[in-house]
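J.: take a look and give me a structure for this.
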Amino acid sequence: MTVLVHVATTLSDAARQGVLRRAATEAGARIAFLQGAEPTLVRVLDELHGEGVRELRLEPVSTDDLAFARSWVGRVAGHWLRAQVDPPILHFGDRTITGREAALTSSAWNAPPAHRHHLLLCRGPRCSAHGSDDTYRALVMALVQEGLTDSDVLMAQTGCLFPCNHGPVAVVHPEGAWYGPVGPDDAVRLVREHLAAGRPLDDLRIPGTTAPPEGAA
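T.: Okay, here's the model as predicted:
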């Protein structure tokens, strides 16, 4: 029997996991995320391989950019396949993954890309308990809605950032602006006002932390 795996491909999929999981369940499929959420595609492939599944079909969902899906689902699945002993057959679209797909490494990815802001969001235990998962989803959606790309904002989820009493905590560099607590509504403001318009949010800044430079953008 061929097992179907829905592969969510875009970063904004992290904000709509419930919809994607329900759609996968209704289709009798497993759900995997290429980025931004779990389980990852590699994790799902590991699990199915461990269960003895011998044939899989990968189906990209939630994207209009099929070229992106073909490239990255193929790369990641090929990377996984090359590391396996007696792997299952992986179908993807109208082709079969062979392990000869492009590698995950490239000389173009040896240094960070140019960017205006580096946004860190704490996903430590206290911040997670205070809802930083909802904050993350709101940040992703706001970045997408504002049309901000990696050249504008590099975002990363981190372990504990330590001023836990103000969780969820977010930090914007190079300004050194520490914010908290950052709920979903605050996340939208942070993106629209600070990251898009260059207006730091003084009312959201954690007391005693480095103040954003005047006129930072």
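J.: who's in contact with the longest helix seen in the chain?
T.: In the chain, taking DSSP state H as the definition, the longest helix is helix 66-82. By Cβ atoms under 8 Å, 6 or more residues apart in numbering, the surrounding residues in contact with helix 66-82 are 7, 9, 34, 41-42, 45-46, 58, 60, 63, 87, 90, 92-93, 97-104. All C-beta atoms are positioned from the backbone trio N, CA, C, and that covers glycine.
J.: how about stretch 184-201?
T.: Residues contacting stretch 184-201 (Cβ under 8 Å, 6+ apart): 117, 119, 131, 134-135, 137-139, 142-143, 146, 148, 152-153, 170, 172, 175, 177, 179, 182, 204, 212, 215-217.
J.: and that stretch, what's buried?
T.: For stretch 184-201, burial by neighbour count (16 or more other Cβ atoms under 10 Å) applies to 184, 186-192, 194-196, 200-201.
J.: then stretch 138-153?
T.: 138-143, 146, 148, 152-153.
J.: of all the residues you listed, which two lie farthest apart?
T.: Among the buried residues of stretch 138-153, the pair separated by the greatest distance (Cβ to Cβ) is 138 and 152, at 17.1 Å.
J.: ok so, going back, and which of the buried residues of stretch 138-153 is nearest residue 16?
T.: Distances from residue 16 to these, taken by Cβ to Cβ, are shortest for residue 141, at 8.6 Å.
J.: phi, psi of the closest one?
T.: phi -60, psi -40 (degrees, to the nearest 10).
J.: renumber starting at 49 from here on
T.: In the new numbering, first residue 49, that becomes residue 189.
J.: verify the contact between it and residue 59 for me.
T.: No. Residue 189 is beyond contact range of residue 59, at 9.7 Å (criterion: Cβ atoms under 8 Å).
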